[in-house]
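Colleague: Build me a model:
(one chain, ligands or ions: 2)
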Amino acid sequence: KEVADKIAAGEVVDRPLSIVKELVENSIDAGASAITVEIKKGGKTYIRVTDDGSGIEADQVETAFLRHATSKISQARDLESIETLGFRGEALASISAVSRTEIITKPAAAAAGVRLVIEGSHPAEKEMTGCPDGTTIVVRDLFYNTPARQKFMKSDATESSLVIEFVSQIALAYANLKIRLISNGNLLFTTPGRGDRHKNILTVFSREISDDLIPVRAEKDYLSLEGYISGPGQSRATRKHQIFFINGRVVNSKILQKGISQAYSDKLFEGRFPVAFLFLRADPAVLDVNIHPNKREVRFNDEAFVTEFVHHALRQALLSRES
Ligand code: ADP
Ligand code: MG
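Modeller: Ligands and ions are numbered 1, 2, ... in the order given. Predicted coordinates:
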């Protein structure tokens, strides 16, 4: 059983990023309004995710770590919930099979919380404890019991940059959440969580982009676009400052890319990449998110229409800044 657990775990958990993803998604599902992510050594030795969400009842904590244990209704059919959050009931089971996992959790209504330590699927310690409402999960020594998997992880720097990229995207996508990110003891950012996208972008990328961002806002038929793009002087921008969200989910989009190039084709600006944080909403009926299993690629029924819409919206935004 232990071997089966470890094998199954490999499919859900292959590096610190996948653990952070699962834990953060659980926190969002739990209705958190504030989430802290802390990693050390790229997450290889230490990952902590703390939220102020619903917490877990003391007598349900072990159950949450069983395979196929999910408290969530799996009939969610709308695009967003299926896309962003998993309902497989495997994450905690898998994570605890390949690490030393600690959970401290307390529902608001409970007088005290509970702390449980699980090492390689085995519950090791359980006690009642005083703690704030919500849940903290700490994952230590990832793959300590599966050395072969340890070798598949890249350098601390690479693993941490993947985690930072993901948490940054979550911070932008969920503008109402207060997201705090700490790596090796350094606070990288805390977003205000008041739904202010502009503020969020500047907070998350404070060291990399300047504040002359131009707002974009446009609507047409089944599309609406919102976001921020470069003015002149974003000379330090790189590819990672172009992030596209379609219906709340980060995607790679050649269509949006093309719209950007067209809008900037006759503009002079410093640097190689225009900054573009674009949030596109589209009627799910006109797009296909299933062309790739990780659903990062999205295809539209009428791609030319979408490109032209984006091109036009960005052009208007650039023109409005010039005049
Ligand atoms: P799933 O998310 O697919 O249900 P997980 O293994 O990720 O499966 O989590 C198992 C269960 O543990 C969840 O269904 C939920 O009831 C509970 N849980 C996990 N993380 C949290 C959290 N941060 N706050 C409250 N409950 C949680
Ligand atoms: Mg989950």
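
Colleague: mean confidence for stretch 156-170?
Modeller: Throughout stretch 156-170, pLDDT has a mean value of 97.

Colleague: oh, I was asking about stretch 44-59
Modeller: Looking at stretch 44-59 alone, the average pLDDT works out to 97.

Colleague: Endpoint to endpoint, that stretch covers what distance?
Modeller: Stretch 44-59 has its terminal residues 30 Å apart, counting by Cα to Cα, to the nearest Å.

Colleague: next one: stretch 124-140
Modeller: End to end - Cα to Cα - stretch 124-140 spans 14 Å.

Colleague: Could you do stretch 116-133 as well?
Modeller: This stretch, stretch 116-133, spans 16 Å end to end (Cα to Cα).

Colleague: So for that stretch, what gets flagged as buried?
Modeller: Judged by neighbour count (16 or more other Cβ atoms under 10 Å), stretch 116-133 contains these buried residues: Leu116, Val117, Ile118, Glu119, Gly120, Ser121, Cys131, Asp133. Heads up, the C-betas are built off the backbone N, CA and C, glycines and all.

Colleague: Of these, which pair is most distant in space?
Modeller: Gly120 and Asp133 (29.3 Å; Cβ to Cβ).

Colleague: Okay, now the unreliable bits of the protein?
Modeller: For the chain, the stretches with pLDDT under 70 are 1-11, 69, 73-88, 232-233, 266-272, 290-295, 323.

Colleague: For it, list the residues in contact with ligand 2, please.
Modeller: Within the chain, the positions near ligand 2 by Cβ under 5 Å from the ion are Asn26, Ala91.

Colleague: what sits up against the top helix by length along the chain?
Modeller: Counting by DSSP state H, the longest helix found in the chain is helix 303-322. By Cβ atoms under 8 Å, 6 or more residues apart in numbering, the list of residues contacting helix 303-322 from outside reads 214-218, 220, 223, 225, 229, 231, 255-256, 258-260, 262-264, 267, 276, 278, 280, 282, 300.

Colleague: Let's see that with 6 Å instead.
Modeller: Helix 303-322 is contacted by residues 214, 216, 218, 220, 223, 225, 229, 255-256, 258-259, 262-263, 300 when judged by Cβ atoms under 6 Å, 6 or more residues apart in numbering.

Colleague: How about stretch 136-154?
Modeller: 6, 15, 19, 23, 44, 46-50, 95, 98-104, 120, 159.

Colleague: how about the helices in the chain?
Modeller: 2-12, 16-29, 61-64, 79-84, 91-97, 147-150, 156-173, 197-204, 254-264, 303-322.

Colleague: can the ones you listed go into a markdown table with extra columns for mean neighbour count?
Modeller: Listed next are the helices of the chain as a markdown table, based on neighbours: other Cβ atoms under 10 Å:
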| stretch | mean neighbour count |
| --- | --- |
| helix 2-12 | 15 |
| helix 16-29 | 23 |
| helix 61-64 | 18 |
| helix 79-84 | 16 |
| helix 91-97 | 25 |
| helix 147-150 | 12 |
| helix 156-173 | 19 |
| helix 197-204 | 20 |
| helix 254-264 | 19 |
| helix 303-322 | 18 |
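
Colleague: how does this structure divide into domains?
Modeller: For the chain, automatic domain parsing gives the domain ranges 2-190, 209-322.

Colleague: Quick one: closest of the ones you listed to His198.
Modeller: Short answer: domain 209-322, nearest of the domains of the chain by Cβ to Cβ, at 6.2 Å.

Colleague: before we move on, back to that, how far off helix 254-264 does the longest helix of the chain point, in degrees?
Modeller: 40 degrees (axes from the mean of the first three to the mean of the last three Cα atoms, to 10 degrees).

Colleague: what about helix 303-322, distance to the chain center?
Modeller: With Cα atoms, centre = their mean, to the nearest Å as the basis, the distance from the averaged C-alpha position of helix 303-322 to the chain average is 27 Å.

Colleague: ok so, going back, TSV for the domains of the chain, including distance to ligand 1?
Modeller: Below are the domains of the chain laid out as TSV (distance: least, Cβ to the nearest ligand atom, whole Å):
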stretch	distance to ligand 1
domain 2-190	3
domain 209-322	17
